[in-house]
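Participant: A structural model of the following input is requested.
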Amino acid sequence: MQYTDLIGVPFKDGGRDKNGLDCWGLVKILLERQGYKYIQDYDISAFNIKDIHDELETNRHTWRKIEKPEVGCVILLANGCTAAANHVGIVVDDSRFIHAYARTGVCVSTLKRWQAHILGFYLPPEVIT
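Facilitator: Numbers count the residues shown, from 1 in each chain. Model (predicted):
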């Protein structure tokens, strides 16, 4: 999976391209690079934790939950001092994931460091075409 060209892209609320990305914008791009064509977009501020959580909870059942991380799967996280789902990234190898974080922009982090925040690993509902 090609992702290194996105490392360092600045964080931008609602960002959907290399000029700036939020966490969902990054996930959407990386899933599309894997061949998923119909990844839903959302018009929710990255700072609106309640609406993000509500949307993730509403749609989580349509995604296929997997027991352990696989390269290219979505990682669902509770970021900050909340137990609510409000952040996503993509697993890039057996110990790391890429995400767009407001403080750093797009970066790669270890699963171990974020372990207490991980709520699950998911694959999109559609078949790769």
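
Participant: C-alpha coordinates for the worst-scoring helix or strand of the chain on mean pLDDT, CSV please?
Facilitator: Using mean pLDDT, DSSP states H and E, the weakest-scoring helix or strand in the chain turns out to be helix 49-59, at a mean of 84. Below are the C-alpha coordinates for helix 49-59, written out as CSV (Å, rounded to 0.1, in the frame of the first residue of the first chain):
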residue,chain,number,x,y,z
ILE,A,49,-16.5,14.8,18.8
LYS,A,50,-20.2,14.1,19.5
ASP,A,51,-21.3,14.1,15.8
ILE,A,52,-18.2,12.1,14.8
HIS,A,53,-19.0,9.5,17.5
ASP,A,54,-22.7,9.4,16.5
GLU,A,55,-21.9,8.9,12.8
LEU,A,56,-19.3,6.2,13.6
GLU,A,57,-21.7,4.3,15.9
THR,A,58,-24.5,4.6,13.3
ASN,A,59,-22.4,3.2,10.5
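
Participant: where do the strands of this protein begin and end?
Facilitator: For the chain, applying DSSP state E gives strands covering 16-17, 20-21, 64-66, 74-77, 87-91, 96-101, 105-110, 118-123.

Participant: out of those strands, deepest packed?
Facilitator: With neighbours taken as mean count of other CB atoms under 10 Å, the strands of the chain reach their highest mean count in strand 87-91, at a mean of 24. Every residue, glycine included, has its C-beta placed from N, CA and C.
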